[in-house]
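Asker: Here you go, sequence then predicted model.
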Amino acid sequence: GQNIDQPTEMTATEGAIVQINCTYQTSGFNGLFWYQQHAGEAPTFLSYNVLDGLEEKGRFSSFLSRSKGYSYLLLKELQMKDSASYLCAVRVRSGYSTLTFGKGTMLLVSP
Amino acid sequence: EAGVAQSPRYKIIEKRQSVAFWCNPISGHATLYWYQQILGQGPKLLIQFQNNGVVDDSQLPKDRFSAERLKGVDSTLKIQPAKLEDSAVYLCASSRNGELNSPLHFGNGTRLTVT
């Protein structure tokens, strides 16, 4: 099976930088996704990493270290609208590919 | 492109009743997923279809839950009979295929309350 760990909650101030960590233990690793989910809404895709290193996309960046089973999502220049749950999800392959989600990190951005 | 469509948006039923949810994926997406998301938790995969075949239903409570994807397009998820612990948001998602960097696109979900 898979085990995915994320902090439950984080708080940060508008304009600041925040890093949300995700650790995973799995076999057949085949990529890691980050999703954003506002309250009462569907998750929306943010980023994808399959190789080690940093992927940058505007204010959001995602990092992966496969040897350490570790990823983080970095959010810069925080805005109030970034208050949401951030879900780390691991894709594994065992004949087919399936996506397993962590419990999510609730980020609260304050003025 | 049109997103994943789900209905109904909300449903309230009493325990032991039956309920069905409908999902229409993005056109051309071969892989369809049903996830259950309990309040404060991440989505949990219930069942995954590749075209009209099931590739993973290991976490589907098969004594009460069933799902089908006729003709490899629309899908329905049914619960019969419902229990209180089934109260959750049921999310349907689709992806172009089940491979590599093909991201999942989620519908807005059906919020089920079992009383």
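Answerer: Thanks, I have it. Numbering: from 1, shown residues only, chains lettered A, B, ... in the order given.
Asker: okay, CA-based contacts and neighbour counts for the rest of this
Answerer: OK.
Asker: Tell me how many other residues crowd whichever residue of chain B sits closest to chain A.
Answerer: Nearest residue of chain B to chain A, counting by C-alpha to the nearest C-alpha: residue B:42, 4.0 Å away. Other residues lying near residue B:42 total 23 when counted by other C-alpha atoms under 10 Å in any protein chain shown.
Asker: what's the answer for residue A:17, then?
Answerer: Residues contacting residue A:17 under the criterion other C-alpha under 10 Å number 14.
Asker: Surely residue A:3 and residue A:29 touch.
Answerer: No. Counting by C-alpha atoms under 8 Å, residue A:3 stays clear of residue A:29, with 11.8 Å between them.
Asker: more neighbours, these two?
Answerer: residue A:29 (18 against 12).
Asker: for chain A, what spans make up the strands?
Answerer: A:3-5, A:9-13, A:18-25, A:29-37, A:44-49, A:53-57, A:60-65, A:70-75, A:84-93, A:97-101, A:105-110 (DSSP state E).
Asker: give the contact list for the closest residue to residue B:18 other than its chain neighbours.
Answerer: Setting aside the residues directly before and after it, residue B:18 is nearest to residue B:80 in space (C-alpha to C-alpha, 6 or more residues apart in numbering or on different chains), at 4.6 Å. Residues counted as contacts of residue B:80 (C-alpha atoms under 8 Å, 6 or more residues apart in numbering or on different chains) are B:16-19, B:64-65.
Asker: coming back round to it: how about the contacts made by the residue of chain B closest to chain A?
Answerer: By C-alpha under 8 Å, 6+ apart, the neighbours of residue B:42 are A:87, A:101-104.
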